[in-house]
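J.: Here is the input, now give the coordinates:
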Amino acid sequence: MKRGVMIWRYLAVGLVVCGVFAMGGAVTAQSQTLVLEDFQGKDAEGFPLNWEHENQRSQSKGRDAYKVQTENGVNFLAVRDAGQRIKKKKIDWDPKAFPVLTWRWRLQKVTSDTEPIAALYASLDTDLMFIPVFTKYVWSVAKPEGTLTEGGMFSGSEIVMQSGTKAVGQWFEERVNVYEDFKRIHKHEPAAKAWGISIIAASGVEIDFGSIVASAGR
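T.: I've put the predicted structure just below:
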């Protein structure tokens, strides 16, 4: 009898522990953070996994321009003289549930005055022709921080996050509410599942991007 009770207790404890782990995973996924990209994966040439070139005709240049590197045990994306955009789409990301987007970037070198220096695109929807509808968060050469430039039919709206080229070699962390920005700029709710994210840096620019994370915080 005692042995049967002991076995039952072990089974009960095991079920409770499993339940706690299962609930913990759900809580983490639903109410804390969603890692959109941490640059842990790369191919044999260092190009980040699950990213695509915007311009398929110049893939070789893009593959040379975007490389995953490691510094002090932390991975990041080093962008060197890119002049073209790469994109990561089909992310399981509900922007209403995870509205706050954070990322780090570090300017290393600028040899031209091309606007913008670099940008991160948050594409939360597509139009009737399935073209991504996005907000472009930029590092500008001269425009003041906070400047909003409305986009046209074929260009997204831009919000300046960093301005100037003095802070070379310094990491900056950005935090934006992409959901509220989308509603304010585009005047409607985004899709239930975001289209994805994109990154670009101008020719003659060297810049690094750290992890890109969405969270439920407001």
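J.: mind listing what I91 touches?
T.: I91 makes contacts with 36, 194, 196-197, as judged by Cβ atoms under 8 Å, 6 or more residues apart in numbering. Where C-beta positions appear, they are placed from N, C-alpha and C, glycine not excepted.
J.: should've said I197
T.: 36-37, 87-88, 91, 120-123, 212.
J.: In the helix or strand that A78 is a member of, which of the residues would be classed as buried?
T.: Per DSSP states H and E: A78 is located in strand 74-80. Using 16 or more other Cβ atoms under 10 Å as the test for burial, strand 74-80 gives 75-80.
J.: of the contacts of I197, closest to K109?
T.: L120 (18.7 Å; Cβ to Cβ).
J.: contacting residues for the closest one?
T.: 103, 105, 136-137, 174, 197-199, 209, 212.
J.: okay, the contacts of I197 in JSON lines with pLDDT, distance to I159 and secondary structure next?
T.: Below are these laid out as JSON lines (pLDDT from 0 to 100; distance: Cβ to Cβ, whole Å; DSSP: H, G, I helix; E, B strand; the rest coil):
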{"residue": "L36", "pLDDT": "97", "distance to I159": "18", "secondary structure": "strand"}
{"residue": "E37", "pLDDT": "97", "distance to I159": "20", "secondary structure": "strand"}
{"residue": "K87", "pLDDT": "95", "distance to I159": "19", "secondary structure": "strand"}
{"residue": "K88", "pLDDT": "96", "distance to I159": "20", "secondary structure": "strand"}
{"residue": "I91", "pLDDT": "92", "distance to I159": "21", "secondary structure": "coil"}
{"residue": "L120", "pLDDT": "98", "distance to I159": "10", "secondary structure": "strand"}
{"residue": "Y121", "pLDDT": "97", "distance to I159": "11", "secondary structure": "strand"}
{"residue": "A122", "pLDDT": "97", "distance to I159": "10", "secondary structure": "strand"}
{"residue": "S123", "pLDDT": "96", "distance to I159": "14", "secondary structure": "strand"}
{"residue": "I212", "pLDDT": "98", "distance to I159": "16", "secondary structure": "strand"}
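J.: Please pick the buried ones from the residues you listed.
T.: 36-37, 87-88, 91, 120-123, 212.
J.: Out of those, which is nearest to K166?
T.: Once Cβ to Cβ is applied, the member of the buried ones among the contacts of I197 that ends up nearest K166 is L120, at 20.6 Å.
J.: Identify the bridge partners of that closest one.
T.: Y137, I199 (DSSP bridges).
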